[in-house]
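> kindly return the folded structure for what I paste below:
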Amino acid sequence: MALACIALSAAVFAALWPHARDAGAILAAQDDPVALADMQIDSAIRNRPTLVADNIEAALEAGDSDLAASFLELARDKNIVVSDSVSTRVADAVTEAGSASHFARRFATGLVTGHADDVASLSGTVAGDLLVFGDIRDVVREGKHLATGEDVDRLVLGLAAAGLAVTAATYVSVGGLGPVRAGLSLVKDARKVGRLGEGLTQWAGRSARDIVDAPVLQQAVAKGSVLRPVETVSAIKAAFRAEKAGALVRLAKDVGRVGEKAGTRSALDTLRIAQGPKDVARAARLAEAKGGQTRAILKTLGRGALLLATGAFNLTMWVFGALLTLFGFLSSIKATTERATMAWLRRKKARRARLQAAAAGLPHGPALAGVVAPG
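Here you go, the predicted model:
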């Protein structure tokens, strides 16, 4: 029975060990988004060897050269072979997307509409915000809604007001706050087009609620105009409460870091899946380590790239199960050793008794058993 328990425990432990090992590694890396993403990407590729190739093809068919290039960079990092023809197609698509005519068209779109989904359109959006008319436009529009009792997007209002203050600081620091300025533009744009995650929207809305002094803003809007930017900015800045904007500015800084290291679309993807500022901060750490691979990682893992996708309880149960099986294995070895030792001692004792009986001239067999039993 003990030997059977050893065999059973060993078989179960062998089956549990890979899961327990991976679970333990993930639990140990739960506070390190880079290590966590690496382990989960490796696991995803093992489970689906064609994952990278399939995503490159899908991105090319969708006309998303940025995503295709991100998966190609991931393939090179993971030593995954990609055919020369596919690499050439990706390179051609990236070249086309970066052409002067395409860049100019997207730049103009971002400048006029304030919507950004790539480097060119973001450059136009940031240019418009640096020229302050983009933020003035948003503040005046939302401020009029506030004055007339209509629905107000307080997040866009707060972001625009914070943007005006950061823009002034950017000029003073000669571009030193550029990532923050870009981050504010990206968050504002994501909000406008509905690409801001629900959890992050709720958090940012709460954070932006007290940034603007409503009565002062209403007076500023009543007198303000995009055609008089200097006077309008001064009036709006008087309604901006800088001491309340710290959390929102930190969020914008992290978004700007993602955009700077991994690209505009990676930053927008981060805003779509993030449920709070901690997720965005983790994404910034991931982008600084992975660069162009970041978007491919976010596409593959979603929010699981930033934190544990599987519940910590489930992972802990894998580890606990392996430990329990190991305990059973060791207990079975202990029981087997004890039984084997007892059997050996009994045999040794019986042999000694036979030798003693033979030396005394006593008969062997059942009659002897009664004689030597007490000993």
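> now do the contacts for the residue nearest the centre of the chain.
The residue at the geometric middle of the chain, judged as the C-alpha nearest the mean C-alpha position with CA atoms, centre = their mean, is L306 (1.7 Å). Residues in contact with L306 (CB atoms under 8 Å, 6 or more residues apart in numbering) are P33, L36, A37, I273, A274, D279, R282, A283, L286. (Glycine included, C-beta is placed from N, CA and C.)
> just give the nearest non-adjacent residue to A247, would you?
Counting by CB to CB, 6 or more residues apart in numbering, the nearest residue to A247 once its immediate chain neighbours are dropped is S207, at 4.8 Å.
> looking at the helix or strand containing T337 now, give me its mean pLDDT.
Secondary-structure assignment from DSSP states H and E places T337 in helix 312-360. The average pLDDT within helix 312-360 is 77.
> in the helix or strand where D135 lies, what counts as buried?
Secondary structure assignment for D135, by DSSP H and E: helix 133-148. Of the residues in helix 133-148, those scored as buried under the neighbour-count criterion (16 or more other CB atoms under 10 Å) are F133, G134, D135, I136, D138, V139, V140, R141, E142, G143, H145, L146.
> now swap in stretch 64-81 and tell me
64-75, 80.
> show me what that stretch is in contact with.
Residues contacting stretch 64-81 (CB under 8 Å, 6+ apart): 41-42, 45, 52-53, 55-56, 59-60, 82, 86-87, 90, 93-94, 96-97, 118, 263, 265-266, 291-297, 299.
> if we use 6 Å, what do you get?
Counting by CB atoms under 6 Å, 6 or more residues apart in numbering, stretch 64-81 makes contact with 52, 55-56, 59-60, 82, 90, 93-94, 97, 265, 292-293, 295-296, all of which sit outside it.
> where does the protein have its least confident helix or strand?
The weakest-scoring helix or strand in the chain, judged by mean pLDDT, DSSP states H and E, is helix 366-372 (a mean of 48).
> ok, R154 - contacts?
Applying CB under 6 Å, 6+ apart, we find R154 in contact with A208, R209.
> tell me the contacts of L3?
T336.
> now, the most widely separated pair of the buried residues of helix 133-148?
Across these, the longest distance by CB to CB is 19.8 Å; it joins F133 and L146.
> going by distance to L164, which of the buried residues of stretch 64-81 wins?
Nearest to L164 among the buried residues of stretch 64-81, counting by CB to CB, is D66 at 30.1 Å.
> put the alpha carbons of the helix or strand where that closest one lies into PDB.
Of the helices and strands defined by DSSP H and E, D66 is found in helix 65-77. The C-alpha trace of helix 65-77 is given here as PDB (Å, rounded to 0.1, in the frame of the first residue of the first chain):
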ATOM      1  CA  SER A  65       1.400  48.800 -40.100                       C
ATOM      2  CA  ASP A  66       2.200  50.000 -36.600                       C
ATOM      3  CA  LEU A  67       0.800  46.800 -35.000                       C
ATOM      4  CA  ALA A  68       2.400  44.600 -37.700                       C
ATOM      5  CA  ALA A  69       5.800  46.200 -37.000                       C
ATOM      6  CA  SER A  70       5.300  45.700 -33.200                       C
ATOM      7  CA  PHE A  71       4.600  42.000 -33.700                       C
ATOM      8  CA  LEU A  72       7.600  41.700 -36.000                       C
ATOM      9  CA  GLU A  73       9.800  43.300 -33.300                       C
ATOM     10  CA  LEU A  74       8.400  40.800 -30.800                       C
ATOM     11  CA  ALA A  75       9.200  37.900 -33.100                       C
ATOM     12  CA  ARG A  76      12.800  39.100 -33.300                       C
ATOM     13  CA  ASP A  77      13.100  39.400 -29.600                       C
END
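> average pLDDT for the following helix or strand past it?
Elements were assigned by DSSP H and E; along the chain past helix 65-77, the next helix or strand is helix 84-97. Model confidence over helix 84-97, given as mean pLDDT, is 90.
> output the contacting helices and strands for helix 84-97.
helix 65-77 (3 or more CB pairs under 6 Å, 6 or more residues apart in numbering; DSSP states H and E).
> and the helix it packs on, how far out from the chain's middle?
With CA atoms, centre = their mean, to the nearest Å as the basis, helix 65-77 stands 18 Å off its chain's centre.
> next: stretch 202-209.
Its chain's C-alpha centre lies 22 Å from the corresponding centre of stretch 202-209 when counted by CA atoms, centre = their mean.
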